[in-house]
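Participant: My questions are about this predicted structure, shown below with the sequence.
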Amino acid sequence: MLKLIGAALILFAGTMIGFQQAARLAARPRHIRTLLHTLQRLETEIGYGYTPLPEALERAAEHTPEPLAAMLKEAAKRLDDADGPSFRESWSRAIEGHWANSAMRSPEKAALIRLGSSLGISDREDQVKHLRLAMQQLKAEEDAARDDQERYEKLCKSLGVLVAALIVILIV
């Protein structure tokens, strides 16, 4: 009886690990799509609304789900400090602090950090150009993430179940 309960727990745990990995693969394209929408909103605020950068970040964060909203709010808060760091430092720290909460990977992080090094130091048109470039890079990453999801989501689910079944067979 005890072996049967242990086997069921191992099967359940392996299945859940597989499903959790599949959910992470499915969340990555969603997070990138949300980030793209946020950058479009930021582009509108800067390009057409003539909004200062800290206020534009706050406004964009209002319409963005977590964890991206927290990242934008932190960057805006750091900028509002009178003797605070530059935008580049604020942006990088905010990304580093909240990156683990997202399903995105290092290519998206690199694109955002590159964007942070060019925002806030040039005129409005140049900032809009850099935002569009970052959006193009993120769009390519979103397409790659969708391909990975299609290719590996089902595999992760099946692999979780099969590895758990193998462990049960080896133990019993």
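Facilitator: Perfect, thanks for sending it.
Participant: what's the biggest helix by length in the chain packed up against?
Facilitator: Ranked by residue count under DSSP state H, the longest helix found in the chain is helix 124-171. Contacts defined by 3 or more C-beta pairs under 8 Å, 6 or more residues apart in numbering; DSSP states H and E place helix 124-171 against helix 2-47, helix 106-118. Any C-beta I mention is one placed from the backbone N, CA and C, and that applies to glycine too.
Participant: what about those helices, which gets the closest to residue 163?
Facilitator: Distance to residue 163, taken as C-beta to C-beta, is lowest for helix 2-47 among the helices and strands packed on helix 124-171, at 5.5 Å.
Participant: what's the offset of that closest one from the middle of its chain?
Facilitator: The chain centroid and the centroid of helix 2-47 are separated by 10 Å under C-alpha atoms, centre = their mean, to the nearest Å.
Participant: and the angle from that helix to helix 124-171?
Facilitator: 180 degrees (axes from the mean of the first three to the mean of the last three C-alpha atoms, to 10 degrees).
Participant: which is the next helix or strand following helix 2-47?
Facilitator: Remark: after helix 2-47, the chain's next helix or strand is helix 53-62, criterion DSSP states H and E.
Participant: Past that following helix, which element shows up next along the chain?
Facilitator: With elements assigned by DSSP H and E, the helix or strand that comes after helix 53-62 is helix 68-80.
Participant: Next, the buried residues of that next one.
Facilitator: With burial defined by 16 or more other C-beta atoms under 10 Å, the residues of helix 68-80 counted as buried are 68-76, 78-79.
Participant: any idea which of those residues is closest to residue 152?
Facilitator: Residue 152 lies nearest to residue 68 out of the buried residues of helix 68-80, by C-beta to C-beta, at 23.8 Å.
Participant: Next up, the contacts around the closest one.
Facilitator: 31, 34-35, 38, 61, 98, 102 (C-beta atoms under 8 Å, 6 or more residues apart in numbering).
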